[in-house]
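Chemist: Need a 3D model of the following:
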Amino acid sequence: MSDFDFRFGGIARLYGAAALSRFRAAHVLVIGLGGVGSWVVEALARSGIGRLTLVDLDDVCVSNINRQLHALDSTVGRSKVEVMAERVRAISPEARVEVRVEFFTADTASRLLGLETGSVSEDRPDFVVDAIDAMSNKVRLIALCHGAGIPLVVCGGAGGRRDPTAVRVADLATVTHDRLLSEVRKRLRQKHGFSRTAKKLRIDCVHSAEAPVFPDRDGQVCATRASDNEMPLRLNCESGFGSATQVTGTFGFAAAARVLARLAAPMPNPELPPSAPQNPISGGPGFSHGRRVEGLQGCDTGEL
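Modeler: As a prediction, the model looks like this:
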């Protein structure tokens, strides 16, 4: 038995040997390595994904410690992608890890997705995980992946939530209780021609069904938000929504589970009936299949 097979034998006994082979051959692009993205990378590395491209320009800061996997006293000030790349190599020495110390923007988008003229098929990821918190870049990523047929899972807002059992995976068209994804949906329809009437947009999203709590200037939290000019509503190092590992980590693990389920499935699975609960791990509402990923024979991973 090879080191890889011994190291990831538990994954083979869970998903099957053929699925583990697909994981080993897969290239997953993770954009954003914060409170959600760092946990995505951890789960994918420990599941035998053979190639990971990690994208983030930020360094680790002390205020990341409450929610980000890579944030330790010893890593403060270091590049997030470099720290996570070291961790992946320690978990899975065979894995090919590529770091991109940059943000996903209009200028970098085509190159990072392998869509530039002259790009070879190897540059194009088999799956993308969106853990971006910048609205315009999130919309841009979804539109590009959708247009190019690159399977994608989108992560909504984890800030202001306390209950990890409220995390769900659903189609973008049906997501509620998430201002970030609501605005994303609106912009995709207004600027990128997405349907306003379709019951499904065929874009998987991790979100929370829990209503967020909001901080106020007195250091308290409440169920209603302050006006926009009083308190920012972003999750960052100094202000905005509060956050906790049990929720951001659950978002990340749910996103990773969706990637693995889609890569593992050799044939489309029937969707659950509308009344069934939405499960972040198995197929369910919003779980769609489409194009076959090059190099992963028999793996129907979805058209977004």
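Chemist: what helix or strand is the residue of the chain most remote from its centre on?
Modeler: Ranked by distance from the centre of the chain (C-alpha atoms, centre = their mean), the top residue is Asp218, with 33.4 Å. Asp218 belongs to no helix or strand when assigned by DSSP states H and E.
Chemist: Give me the distance between it and Ala43.
Modeler: For Asp218, the distance to Ala43 equals 38 Å [C-beta to C-beta, to the nearest Å]. From N, CA and C alone the C-beta is placed, and that goes for glycine too.
Chemist: all strands for the stretch 101-250 of the chain, in order.
Modeler: 127-130, 152-155, 167-171, 204-208, 214-215, 221-222 (DSSP state E, counting those that start in this stretch).
Chemist: and these, which one's lowest on average pLDDT?
Modeler: Mean pLDDT is lowest for strand 221-222 out of the strands of the stretch 101-250 of the chain, coming in at a mean of 84.
Chemist: Can you check which helix is longest in the chain?
Modeler: Criterion DSSP state H: the longest helix present in the chain is helix 245-264.
Chemist: before we move on, the earlier item: can you say which of the strands of the stretch 101-250 of the chain is nearest to Ala95?
Modeler: strand 127-130 (14.9 Å; C-beta to C-beta).
Chemist: So what touches the closest one?
Modeler: If you take C-beta atoms under 8 Å, 6 or more residues apart in numbering as the criterion, strand 127-130 is touched by 26-32, 37, 40, 113, 138, 141-142, 145, 150-155, 255-256, 259, 262-263, 293, 301.
Chemist: Quick one: closest of the strands of the stretch 101-250 of the chain to Glu102.
Modeler: For the strands of the stretch 101-250 of the chain, the distance to Glu102 is smallest for strand 127-130, at 15.6 Å, taking C-beta to C-beta.
Chemist: Restricting to C-alpha, output the closest one in CSV.
Modeler: Output of strand 127-130 as CSV, limited to C-alpha atoms (Å, rounded to 0.1, in the frame of the first residue of the first chain):
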residue,chain,number,x,y,z
PHE,A,127,-13.7,23.3,-8.8
VAL,A,128,-13.7,26.8,-7.2
VAL,A,129,-14.6,27.7,-3.7
ASP,A,130,-15.6,31.4,-3.3
